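Engineer: When you get a sec, could you give me coordinates for this:
(one chain, ligands or ions: 3)
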Amino acid sequence: MTTGTNAPRRLSIFGSTGSIGQNTLDVIQQLGGRESYEISVVTGNENVELLAQQARSTGARLAVTASDSKYRSLKAELSGSGIAVAAGAQGLAEAADIEADWVMAAIVGTAGLVPTLAAARKGAAIALANKECLVSAGDLFVEAVLKGGGLLIPVDSEHSAIFQSLDENQRHAVERIILTASGGPFRTWSRAEMANVTAATARAHPNWSMGLKISIGSASMFNKALEMIEAKHLFSVRPDQIEVVVHPQSIVHSMVGYTDGSIIAQLGSPDMRTAIGYALEYPRRPKLNVERLDFAKLSRLDFEAPDEKRFPALRLARTALERGGLQGAIMNAAEEVAFHAFVDERIGFLQMADIVEAVMDRMAGTGGAHTMDDVFAADTEARRLAAELVALNEKAA
Ligand SMILES: NC(=O)C1=CN([C@@H]2O[C@H](COP(=O)(O)OP(=O)(O)OC[C@H]3O[C@@H](n4cnc5c(N)ncnc54)[C@H](OP(=O)(O)O)[C@@H]3O)[C@@H](O)[C@H]2O)C=CC1
Ligand SMILES: CC(=O)[C@@H](O)[C@H](O)COP(=O)(O)O
Ligand SMILES: [Mn+2]
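Structural biologist: Numbers count the residues shown, from 1 in each chain. Ligands and ions are numbered 1, 2, ... in the order given. Now for the predicted structure:
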């Protein structure tokens with residue numbers, strides 16, 4: 001995990017062109033940029049102009065686009081730079097293979113699983129923004145990190161908050177973890193009002209500026225559903241120890257409840273750079289230029305119970321946690337298909353949960369998650385079933 005006494009740490013940013021990726025590069029810049037760190041790899045997908053710009057400004061050794069069809073334009077953008085270029089699944093495998101001490105896992109969706117797993121197996125410290133890795137591969141992913149000898153440092157704001165609030169010496173006294181949820185743009189809306197919303201409305205998060213998938217997930221609360229499962233694997237807690245509370249201001253990022261009744265929370269402005277900086281410099285805290293909370297100006301902090309009738313995703317997460325095995329992989333895969341179908345206007349907003357639930361129920365008898373092949377097979381079958389349901393829905397409409 002270290003390169004030697006004085007050598008700069010080598011960092012790879014998977015998903016550097018996205019919201020988390022750009023925030024990561026901002027944090028790296030704030031903390032000294034090329035004077036402090038060496039950038040091994042930057043990866044993106046469609047946005048090769050930005051990727052090339054990032055590769056040049058960071059002096060990365062390798063730039064990878066996940067899209068085979070973008071290889072030539074990335075190559076052209078970086079001609080004469082001396083930066084190696086690769087593409088597709090092979091390119092992502094190369095990205096994971098290059099020596100790195102720390103990897104930001106910020107590719108969106110299940111596409112992030114294979115390269116992140118490969119980097120974990122090589123022993124890099126994994127700063128995990130991509131929650132889908134853990135929801136899908138769960139304990140197998142954690143095992144790979146442990147076997148690789150690296151660290152797993154949560155970046156998701158709630159899990160970073162819990163990580164920061166968990167005292168390892170008090171582990172035995174952890175009673176519950178409390179995930180905060182903003183409630184998204186439809187927090188107060190009825191199901192009838194949500195029925196016809198568009199992706200443009202659903203993606204408008206009240207507090208955070210994020211990529212499309214997670215923003216839609218906040219609106220449907222599937223983001224919180226994924227986070228419940230992510231929490232189980234990160235913190236080895238029982239499902240009944242995981243609570244969700246709606247907190248519309250997104251100032252309290254999450255909390256840990258202890259057996260003496262104490263609650264330890266982490267608070268801050270809704271800015272992912274704090275969690276990213278914490279993961280980058282862990283166990284030290286860096287000095288970051290992010291907005292400071294002014295308690296005199298915060299008029300109020302509200303908390304309310306989540307409504308699982310209006311937001312069934314939370315109930316589905318409980319079901320997945322209770323059923324265990326491959327249900328996380330199944331829920332994750334079906335949700336990804338349903339998300340794309342909603343964005344493509346093939347299904348309505350409320351149908352996302354209907355489809356995920358139907359796929360989970362149909363696959364409730366699937367065996368355990370013993371190997372990664374089990375995970376990939378469950379993922380494939382869940383996607384097939386979800387796609388079938390999307391098509392059926394279109395026919396009926
Ligand atoms: N945004 C946030 O504040 C938070 C995000 N997260 C998690 O972090 C992850 C990233 O989120 P976010 O930054 O918002 O997402 P974005 O959509 O903003 O960025 C996604 C990144 O993944 C790349 N990408 C897209 N499709 C593929 C693919 N098939 N293969 C490889 N790379 C691909 C994109 O490339 P390109 O843009 O070039 O097409 C981009 O670099 C998600 O798992 C999310 O849940 C967690 C907490 C907060
Ligand atoms: C920044 C972050 O971690 C997101 O997951 C964010 O918290 C989404 O908020 P909600 O899902 O609570 O709306
Ligand atoms: Mn989160």
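Engineer: Show me the shaky parts of the stretch 51-200 of the chain.
Structural biologist: Within the stretch 51-200 of the chain, not a single segment meets pLDDT under 70.
Engineer: ok, the helix or strand containing V27 near ligand 1 or not?
Structural biologist: Counting by DSSP states H and E, the element that carries V27 is helix 19-30. Yes: contact of helix 19-30 with ligand 1 (Cβ under 6 Å from any ligand atom) involves 19-21. Quick note: C-beta positions are derived from backbone N, CA and C, even for glycine.
Engineer: got those residues as TSV, with neighbour count and pLDDT columns?
Structural biologist: What follows is the residues of helix 19-30 next to ligand 1, written out as TSV (neighbours: other Cβ atoms under 10 Å; pLDDT from 0 to 100):
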residue	neighbour count	pLDDT
S19	19	98
I20	28	98
G21	27	98
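Engineer: I'd like these as CSV, with distance to ligand 3 appended.
Structural biologist: As requested, the residues of helix 19-30 next to ligand 1 are exported to CSV (distance: Cβ to the ion, whole Å):
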residue, distance to ligand 3
S19, 12
I20, 11
G21, 16
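Engineer: Which single residue of the stretch 51-200 of the chain ends up nearest ligand 3?
Structural biologist: Relative to ligand 3, the nearest point of the stretch 51-200 of the chain is D156 (4.2 Å; Cβ to the ion).
Engineer: what residues are up against that residue?
Structural biologist: Contacts for D156 were tallied using Cβ atoms under 8 Å, 6 or more residues apart in numbering; they are 128-129, 131, 227, 230, 275.
Engineer: For S69, state which of those residues is nearest.
Structural biologist: A129 (25.7 Å; Cβ to Cβ).
Engineer: Settle this for me: the closest one is touching L152, isn't it.
Structural biologist: No: contact criterion Cβ atoms under 8 Å: A129 and L152 do not qualify, at 11.9 Å.
Engineer: So for the two, which sits in the more crowded spot?
Structural biologist: Taking neighbours as other Cβ atoms under 10 Å, A129 and L152 compare with A129 leading, 33 against 22.
Engineer: The more buried one and A386, how far apart?
Structural biologist: Using Cβ to Cβ, to the nearest Å, A129 is found at 24 Å from A386.
Engineer: Give me the buried positions along the biggest helix by length in the chain.
Structural biologist: Longest helix of the chain, by residue count under DSSP state H: helix 372-396. Using 16 or more other Cβ atoms under 10 Å as the test for burial, helix 372-396 gives 372, 374-376, 378-379, 381-383, 385-387, 389-390, 393.
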